[in-house]
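**Q** sequence-free structure coming up:
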């Protein structure tokens with residue numbers, strides 16, 4: 001039972017790290033990255049649809065994205081969705097191809113994006129601490145029910161704290177790497 005609780009905690013922490021990586025991939029850096037368009041939804045016959053399900057997104061050069069719509073009728077809707085997003089990109093349409101030139105980030109915008117990255121990291125740490133609390137509650141329940149000895153539960157509680165410390169350190173590494181990417185010229 002204790003091993004199941006510890007295993008579940010490890011899985012929850014790993015999932016938290018993956019969610020953080022996915023969230024940070026949407027934050028723009030100095031280079032073009034198709035993942036920044038993941039959060040944008042296009043109104044496609046009344047259904048909010050991700051751009052990746054309506055078009056091919058490619059990176060021909062460091063500061064340019066190409067969005068090639070599969071259906072020419074969707075070009076205007078895709079363009080409108082990109083304009084309405086908070087990316088600050090002005091699309092240039094040429095037939096069924098939309099060019100997205102990415103302007104260089106200002107120092108102020110870089111600092112703002114760094115704050116967003118730190119905030120996402122802190123939210124992940126809060127989630128990891130919540131998983132710790134859940135695990136501790138389950139372990140205390142195991143101890144109270146007499147399913148395991150007090151010494152075994154105490155060792156498991158120490159392992160829980162070790163897992164959480166390691167998970168938080170990994171979050172710090174992920175966020176600092178993203179901050180470095182953002183601040184890189």
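**A** Perfect, thanks for sending it. It should be emphasised that the depicted structure is a prediction, and the values quoted were computed from it without experimental measurement.
**Q** Leaving out sequence neighbours, find the closest residue to residue 49.
**A** residue 42 (5.4 Å; C-beta to C-beta, 6 or more residues apart in numbering). Every C-beta, even on glycine, is put in place using the N, C-alpha and C of the backbone.
**Q** quick check, the one you found in a helix?
**A** No: Residue 42: not assigned to a helix; according to DSSP: H, G, I helix; E, B strand; the rest coil it is strand.
**Q** Am I right that it is in contact with residue 78?
**A** Yes: contact between residue 42 and residue 78 holds when scored by C-beta atoms under 8 Å: they sit 5.3 Å apart.
**Q** between those two, who's got more neighbours?
**A** Taking other C-beta atoms under 10 Å, residue 42 and residue 78 do not tie; residue 78 has more neighbours (26 against 22).
**Q** All the helices of this structure, in order from the start?
**A** For the chain, the helices defined by DSSP state H cover 2-25, 75-84, 107-145, 150-183.
**Q** Tell me which of those helices sits most buried.
**A** Highest mean neighbour count of the helices of the chain: helix 75-84, a mean of 18 (counted as mean count of other C-beta atoms under 10 Å).
**Q** how close does residue 23 sit to residue 10?
**A** According to C-beta to C-beta, to the nearest Å, residue 23 stands 21 Å off from residue 10.
**Q** go on, residue 140?
**A** 19 Å.
**Q** I'd like the distance between the residue nearest the centre of the chain and residue 175.
**A** The centroid of the chain falls nearest to residue 23 when counting by C-alpha atoms, centre = their mean (1.5 Å). Residue 23 sits 10 Å away from residue 175, going by C-beta to C-beta.
**Q** Overlap in contacts, the two.
**A** Between them, residue 23 and residue 175 share these contacting residues under C-beta atoms under 8 Å, 6 or more residues apart in numbering: residue 120.
**Q** How much space separates the most far-flung residue of the chain relative to its centre from residue 152?
**A** Most distant residue from the mean C-alpha position of the chain: residue 146, 40.5 Å away (C-alpha atoms, centre = their mean). In this view, residue 146 and residue 152 are 12 Å apart by C-beta to C-beta.
**Q** do the same with residue 34
**A** For residue 34, the distance to residue 152 equals 49 Å [C-beta to C-beta].
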